[in-house]
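Student: here is the input, now give the coordinates:
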Amino acid sequence: MKYFYNLNRNVDRLMCASVLILAVISVLMIGSTTVNSTGFFSRSVIVQMAAYFLGLIGVFIIFRINYVLFEGFEKQLYVLSLILLFLVYVPGLGVEQFSSRAWITLGFTTIQPSELVKILYILILAGYLKTHQDDLYNFKGLFKSALVAGPIIVIVLKEDLGSALVFAAIWVVMIFYAGIELKVFAKFFALVLAAVPVAYMFMADYQKERIEAFLHPENLDLTGNYQVWQSKVAIGSGGLFGKGLFNGTQKELDYIPVQTSDFIFSVIGEELGFIGGLAVIALYALLLIRLMKIVHNASDFYGALIVTGILGMFAFQIFENIAMTMGLMPVTGITLPFMSYGGSSILSNMIALGLALSIGARSKKITF
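Tutor: Predicted structure coming up:
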């Protein structure tokens, strides 16, 4: 009992505070999108609050589990990941939303398995890279690590392009931390670029349309460009201090697409302005800085790799989502961590938070 008491004293309070504030802003902004139609406490707000409540339980449990217990179970976690990803193709269980088949239904709600697989994927790569770190100094070793990550990325790509990009980003960040040399990765990256035209042929039509829209932002007839234009109008109209909470006009007229999830930052920009948007980015910066500190102070390489994967996951999603709302990146459907509506996303983020806090707390000296 005293061990857990002292472990709790080592928790990163700044990281917890940043996530808590992001959670409050998330509920407020989601409520703002429904306050004038179904009231503040709409189904979306209730689901988001419930997801955070379950996420807190997840953090509490994961924090108390010594992360080293996951080491050595990479094969089992890999099989579990594949099973979860293939569940979306089970008739009567898998459902299609937003032009992609990436969800399973539980009757009262839906779950996106790829969100939960992100955590398993990070644990798998951490275990593999720790064991094969010495192999990463040549192209063969890099290629082997790609064979470990590749099948999961390809399966997720079939379901959702945005999620596949997140998985790829996690792999890239983790192999660089593990010690891959830039010239070795450059050769591999050249091969990937050469394979892009082939991969494009196998993409779904809606994925191709998003890429075409990004390459031709001036054409508002292309799917996504009109929505991105409306998003930029919303952010720009917010000015320095915004129009005020619940007072967004672009949001209220439903010009902002998927405003509770993919484009929630547009609502923040319109209602809270440049200052509000900057404050949210500052909170994310604090979160990432604290994660980097945990990586630096980690007591073992396995723990450092896990937090590096979590850091890469959050950093890429934050950058891609915010840049997407400004037309600087393609529309991919990537959620904004701890902010966008979605039970699966929140649970995944909170489990990742619990892992990072666990590794950070156990990296400090626990006194008795």
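Student: what is the longest strand seen in the chain packed up against?
Tutor: In the chain, assigned by DSSP state E, the strand with the most residues is strand 100-105. Taking 3 or more Cβ pairs under 8 Å, 6 or more residues apart in numbering; DSSP states H and E as the contact definition, the neighbouring helices and strands of strand 100-105 are strand 94-97, strand 110-111, helix 113-131, helix 139-159. The C-beta positions use only the backbone N, C-alpha and C, and glycine is treated the same way.
Student: that one pairs with which strands, and in what direction?
Tutor: strand 94-97 (antiparallel), strand 110-111 (antiparallel) (DSSP bridges).
Student: buried residues in that strand, which are they?
Tutor: If you call a residue buried by 16 or more other Cβ atoms under 10 Å, then strand 100-105 has these buried ones: Ser100, Ala102, Trp103, Ile104.
Student: nearest residue to Ile334 in space, please, no chain neighbours.
Tutor: Take Ile334 and drop its neighbours on the chain: the residue closest to it by Cβ to Cβ, 6 or more residues apart in numbering is Gly162, 4.1 Å away.
Student: what do you get for Val35?
Tutor: Beyond its immediate neighbours in the sequence, the residue positioned closest to Val35 (Cβ to Cβ, 6+ apart) is Phe246, lying 5.2 Å away.
Student: and if you look at Gly141?
Tutor: Nearest one to Gly141, counting by Cβ to Cβ, 6+ apart, is Asp135 at 3.2 Å.
Student: so the one you found sits against Phe143, correct?
Tutor: No: checked against Cβ atoms under 8 Å, the pair Asp135 and Phe143 is beyond contact range at 9.8 Å.
Student: shaky segments in this structure?
Tutor: 1-6, 98-99, 202-204, 206, 223, 364-368 (pLDDT under 70).
Student: which residues in it form helices?
Tutor: Counting by DSSP state H, the chain has helices at residues 2-9, 13-34, 43-64, 74-86, 113-131, 139-159, 161-178, 182-201, 205-215, 225-237, 249-252, 264-297, 301-325, 343-362.
Student: of those helices, which approaches Glu96 most closely?
Tutor: With distances scored as Cβ to Cβ, the stretch of these nearest to Glu96 is helix 139-159 (9.9 Å).
Student: for stretch 296-307, buried residues please.
Tutor: Neighbour-count burial for stretch 296-307, counted by 16+ other Cβ under 10 Å, picks out Ala298, Tyr302, Gly303, Ala304, Leu305, Ile306, Val307.
Student: using a markdown table, lay out those together with distance to Tyr52.
Tutor: Compiled in a markdown table, the buried residues of stretch 296-307 are given as follows (distance: Cβ to Cβ, whole Å):
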| residue | distance to Tyr52 |
| --- | --- |
| Ala298 | 27 |
| Tyr302 | 29 |
| Gly303 | 26 |
| Ala304 | 28 |
| Leu305 | 27 |
| Ile306 | 23 |
| Val307 | 22 |
